[in-house]
Structures are given as structure tokens and as C-alpha cells.
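Asker: A predicted structure for the sequence below; I have some questions about it.
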Amino acid sequence: MECISVFDMLKIGVGPSSSHTLGPWRAAERWIYELKEANLFDSIQNVTIDLYGSLSLTGKGHATDLAVMLGLSGADPERIPTDTIDIIIASINNTEKLVLNNERVIPFDIKKDIVFNRAFLPFHANGMKFTAFAENQIHTSTFYSIGGGFVVKEERTVDAENKELKKEFPFPIDKASELLAFCNNENKSISEIVLENERSLRSDEDIDFELKRIWDTMLECMFVGCHTEGNLPGGLNVRRRAFDTHQRLNIEVPYNTPQEWLESIRHSEVKFRQILKWVSCFALAVNEVNASLGRVVTAPTNGSAGVIPAVLMYYMVIENHDANFDDIKTFLLVASEIGSIFKKGATISAAMGGCQAEIGVSSAMAAAGLCQLSGGTPEQVMIAAEIAMEHHLGLTCDPIGGLVQIPCIERNSMGAIKAINAAELALDTDPKNVKVPLDKVVDTMWETAKDMNTKYKETSEGGLAVRVSLADC
């Protein structure tokens with residue numbers, strides 16, 4: 001089993017999908033590194049990319065082809081100005097040339113050199129093969145995007161890497177029961193246990209710096225989404241709803257920056273209906289930015305990126321006006337650990353488990369983080385995560401047109417509301433009365449994922465994806 005860092009579960013990247021965009025982007029980067037290690041980079045004449053399974057079936061709608069080209073071009077998804085993406089892609093399209101790693105110009109025909117194969121590779125639903133043609137040599141490498149921006153080559157290599165990393169963790173955790181045992185034995189909260197593990201990898205200064213960067217990206221994303229009007233790209237003509245909702249919520253205190261915006265919301269009306277609207281507004285905003293190739297935080301995936309920031313923002317602007325970075329840090333540490341337990345015991349890939357693996361996991365992560373911030377014990381934090389996932393079990397992934405717009409954006413607002421409700425239920429629960437432990441729900445989610453028909457796993461071959469056509473939109 002893996003030991004996963006907070007910064008593996010929470011990654012800054014470009015939308016619309018962690019498994020279909022960020023993963024292939026990172027795979028392209030890794031492949032270039034392989035070529036350089038093999039001393040082949042300088043002799044490459046041309047390259048081809050084969051996309052398989054889910055990466056092929058919904059690859060166009062999830063911008064997989066664009067992500068591969070951006071990765072091959074040497075662009076960094078964490079830092080590339082998102083307004084330059086269209087310029088880079090248009091240049092490749094118009095000139096039929098690609099600047100490999102921003103170093104070497106090679107011929108590249110998008111229509112011929114990126115091949116969409118409907119067949120599934122046996123190891124994982126999201127497979128891709130890179131092929132380089134050099135002087136008298138052909139180099140191929142196959143990668144799998146397994147969800148949340150994680151990329152692997154083969155299970156044997158991954159296990160070896162994870163066992164090495166596990167030795168560095170003072171509290172190696174595979175299951176929720178192990179995490180709870182550490183909390184009880186060490187008399188520490190979940191966030192304190194997770195922080196000790198992170199300290200085995202980096203300094204406190206680095207941890208705080210990266211967590212601040214993650215929160216700043218989340219806040220900026222919500223701010224941009226709430227202040228951007230119009231329709232989303234992709235052909236479905238989906239209107240951005242966060243802007244309209246935000247306008248109707250009537251903020252009276254003026255602001256100019258995302259932080260000032262946060263403070264101004266704290267002075268807004270807090271009736272139940274307004275709270276529901278604010279939480280939904282935050283979640284919708286993030287995933288509308290995601291759907292338009294904007295910068296988001298994979299949490300644990302891009303398709304579910306709105307749940308965690310929406311719930312954390314809810315805590316900061318509704319529940320606790322004195323909330324500060326310490327609260328943000330606690331929330332993110334707890335949420336990431338719950339996400340890693342689901343990744344290790346089940347999956348966070350919709351192509352493997354349907355949307356329960358994305359929205360369900362993100363809702364469980366958010367519920368856990370909110371529960372600890374609200375005074376919950378480690379046992380109650382586990383209960384919150386369990387309740388949130390229990391009521392997402394069986395949720396399918398059926399994106400219309402292969403786009404992360406319908407039903408994905410709305411599902412983030414529903415996941416956020418469920419997370420808040422789950423945390424409240426957990427806080428009122430005596431752990432002695434709990435019948436379903438978190439580990440049992442993780443196991444159940446994985447069994448449900450394996451039993452789920454493939455057409456409901458991010459293929460756009462079932463559910464809403466076939467009942468609602470592009471013509472209907």
C-alpha cells in the first residue's frame with residue numbers, strides 16, 4: 001500500500017480533468033525525461049500518442065489531446081498562464097509543428113499523431129502509449145492515469161516506490177482504523193498525525209508555504225468563477241451560474257481582491273437559504289473555472305475540485321469569522337488523509353469507479369475536515385467521512401458529450417451540501433452507537449465500483465450521456 005503526501009492529494013493544475021487532462025500532461029513530461037535519460041531526445045524525428053479506453057472515449061471533451069500537446073511542449077500545468085493555452089494549441093495546429101520540451105521543433109499533425117483507440121488496456125481504463133521515432137530507433141512507453149493526476153507505468157514499479165516512501169513515515173497508514181489507533185495511542189488529533197508524516201518529507205516552512213499556495217489558488221478560483229459571466233466552452237451552451245447566483249446574493253461591502261471579497265461575505269445575510277446559495281455558488285464557481293481550462297486544485301480530482309473549497313469557505317465566512325490559516329491548514333491536512341485512505345483502499349478514478357470515486361470521496365474529505373474544525377473527535381471525523389460517502393455509493397459518471405459540465409458541475413454543489421450535513425450528523429453521534437465503520441464503506445465503494453457497468457465509468461456510453469444529446473442542448 002501507498003503512503004501519500006498531502007501534496008499528492010491536493011495538486012494545483014489546469015482543468016477540466018485530473019485523470020484526463022492533468023494525468024496525460026504529467027505523463028508527457030515524464031516521457032520526455034525518459035527520452036533524455038535514454039539519450040534519444042536529440043535524435044527524435046517525430047512522435048505519436050495512442051489514447052485508450054476512457055481517455056479515448058471522453059478524451060476530446062476532457063481536452064486530453066490538448067493536455068498531451070502541452071505536456072510535450074514543456075508547459076507546466078501549475079504555472080502556465082491559462083490564457084496562453086489556446087495560443088500554443090493554435091500554433092501547433094496551424095504550423096503542424098511542435099516544440100518538444102520547448103527545445104526542438106518536430107513535425108506534428110494533430111489529426112494523425114494523436115490516435116483515439118476505443119479498446120481498453122488491461123491494467124487501467126485510462127491508458128496511453130507514447131512512441132518516438134528516432135534515427136534507426138523506436139522508443140515506446142505506456143502510462144496509466146489512475147485518477148487525481150496520479151500517473152503510473154506498472155504496478156510492480158509503483159509498489160517498489162511506495163514501500164520506499166513508507167519507511168520515511170513515522171505513522172504509516174493504510175486504513176482508517178490504523179489512523180484512529182495512532183490518534184488514540186499518541187493522544188493526537190488527525191491533523192497532528194498527518195502533519196508529523198509530512199514533516200518526514202519537508203520542513204514546516206515548506207508545508208505552510210505549499211498549503212497557503214493551495215488555499216490561495218482555491219480562493220482565487222472561487223473569486224474568478226463568481227465574477228465571470230457567459231457560457232462555458234464545449235458546444236453545450238451551458239451558462240455560467242455562479243455569476244448569476246453571486247449577483248443575486250447582494251454583497252454590500254465593497255471589495256477589490258479575493259481576500260477582501262471573503263471579508264465582505266462575512267457581513268452578508270446568513271439565513272438558511274442564503275447559506276445554501278453561498279455554498280452552491282462557491283462550488284459551481286470552481287467547476288465552471290475547471291470546465292473552461294482554468295487553474296484549480298485537484299481535490300482529489302478536477303471533476304470534484306469544487307467540494308473542498310466550498311465547504312472550507314463556508315466554515316470561514318459563515319461558521320467562524322475568526323478562522324485563519326491555522327484552520328485552513330487543519331482542514332486540508334485532515335481532508336487529504338481521508339482522500340488517501342480511499343485511494344489506497346478503493347479508487348479516486350471515475351474511469352474505475354464512477355462518480356462515487358470523485359464527488360463521493362471529495363465529500364467525505366470535506367466532511368472530515370469540517371468535523372475536526374467544528375470540534376469533532378477523531379472518531380467523529382471518521383463518522384463524518386463515512387456518512388458522506390455512504391450516501392454517494394453507486395453514483396455513476398455519465399458526462400454529456402464527454403464534457404465536465406453536465407452533470408458534473410452541479411454534483412459539486414450537492415457534494416458540498418452533503419459534506420456539511422454529514423459533519424453535523426457526526427458531531428451529534430456517539431461513536432459507541434456507530435454500525436458502519438469508515439473502512440467498511442471504503443471496501444463497499446470498491447466492490448460497488450467493480451460491479452458497476454463500464455458504460456457508467458466516464459465513457460459517455462450510458463446514463464445522461466446517452467439520454468441527453470448535444471442536439472437537446
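Answerer: Okay, I see it. Not measured: the values here are computed from a predicted model.
Asker: Which is the succeeding secondary structure element to the longest helix along the chain?
Answerer: In the chain, assigned by DSSP state H, the helix with the most residues is helix 204-226. Under the assignment DSSP states H and E, the closest C-terminal helix or strand after helix 204-226 is helix 242-248.
Asker: Check which helices and strands that next one sits against.
Answerer: helix 204-226, helix 272-291 (3 or more CB pairs under 8 Å, 6 or more residues apart in numbering; DSSP states H and E). Using the backbone N, CA and C atoms, a C-beta is placed for each residue, glycine as well.
Asker: coming back round to it: model confidence over the longest helix of the chain, on average?
Answerer: In this model, helix 204-226 has a mean pLDDT of 98.
Asker: and what of stretch 10-21?
Answerer: Here the average pLDDT along stretch 10-21 is 93.
Asker: do the same with stretch 101-111
Answerer: 95.
Asker: residues of that stretch that come out buried?
Answerer: Asn101, Ile106, Phe108 (16 or more other CB atoms under 10 Å).
Asker: Which parts of the protein are strands?
Answerer: 11-14, 44-53, 97-100, 104-107, 114-117, 126-134, 137-147, 150-152, 295-298 (DSSP state E).
Asker: nearest to Thr459, of these?
Answerer: Of all the strands of the chain, strand 44-53 sits nearest to Thr459, with 8.0 Å by CB to CB.
Asker: what's the closest one in contact with?
Answerer: 24, 28, 35, 59, 64-65, 68, 72, 98, 100, 104, 106-108, 112-121, 124-135, 351, 459 (CB atoms under 8 Å, 6 or more residues apart in numbering).
Asker: Just the buried residues of these.
Answerer: Here, 16+ other CB under 10 Å leaves 24, 28, 35, 59, 64-65, 68, 72, 98, 100, 106, 108, 113-114, 117, 120-121, 124-134, 351, 459 buried among those.
Asker: picking that back up, okay if I get the strands of the chain as TSV plus distance to Pro77?
Answerer: Shown next, in TSV, are the strands of the chain (distance: least, CB to CB, whole Å):
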stretch	distance to Pro77
strand 11-14	4
strand 44-53	17
strand 97-100	17
strand 104-107	21
strand 114-117	18
strand 126-134	16
strand 137-147	13
strand 150-152	12
strand 295-298	8
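Asker: what's the closest of the ones you listed to Met445?
Answerer: The nearest among the strands of the chain, by CB to CB, is strand 137-147 at 13.0 Å.
Asker: Least confident secondary structure element in this structure?
Answerer: helix 155-166 (a mean of 48; mean pLDDT, DSSP states H and E).
Asker: isn't Gly402 right up against Leu55?
Answerer: No: Gly402 lies out of contact with Leu55 (CB atoms under 8 Å); the separation is 10.6 Å.
Asker: you'd agree Lys153 is up against Tyr144?
Answerer: Yes: Lys153 is within contact range of Tyr144, at 7.3 Å (criterion: CB under 8 Å).
Asker: quick one on the thing from earlier: just name the most buried of the helices and strands packed on helix 242-248.
Answerer: Counting by mean count of other CB atoms under 10 Å, helix 272-291 has the highest mean neighbour count of those, with a mean of 24.
Asker: Now do it: which elements does it pack against?
Answerer: Using 3+ CB pairs under 8 Å, 6+ apart: helix 272-291 touches helix 204-226, helix 242-248, strand 295-298, helix 307-314, helix 408-427.
Asker: What separation do you get for the residue located most distally from the centre of the chain and Gln45?
Answerer: Most distant residue from the mean C-alpha position of the chain: Asn136, 40.5 Å away (CA atoms, centre = their mean). Distance, Asn136 to Gln45, by CB to CB, to the nearest Å: 10 Å.
Asker: what about Lys153 and Tyr144, which has more around it?
Answerer: Shown here are Lys153 and Tyr144; by other CB atoms under 10 Å, Tyr144 has more neighbours (27 against 15).
Asker: how many neighbours does Lys36 have?
Answerer: 13.
Asker: quick one: it from His139, how far?
Answerer: 11 Å.
Asker: ditto for Val441
Answerer: For Val441, the distance to His139 - CB to CB - is 43 Å.
Asker: try Glu379
Answerer: 52 Å.
Asker: Repeat that for Glu154.
Answerer: For Glu154 relative to His139 (CB to CB), the value is 17 Å.
Asker: Of these two, which one has the most company?
Answerer: Under the neighbour definition other CB under 10 Å, Glu154 and His139 were set side by side, and His139 has more, 17 against 11.
Asker: where are the low-confidence patches of the stretch 351-473 of the chain?
Answerer: 470-473 (pLDDT under 70).
Asker: With the stretch 151-300 of the chain instead?
Answerer: Using pLDDT under 70, the stretch 151-300 of the chain drops low at 155-167.
Asker: Which of the buried residues of stretch 101-111 lies at the shortest distance from Pro254?
Answerer: Asn101 (45.7 Å).
Asker: and the closest one, backbone torsions?
Answerer: phi 50, psi 30 (degrees, to the nearest 10).
Asker: Next up, the contacts around Val311.
Answerer: Here Val311 is in contact with Val279, Ala366, Ala367, Gly369, Leu370, Ala416, Ala419, Ile420 (CB under 8 Å, 6+ apart).
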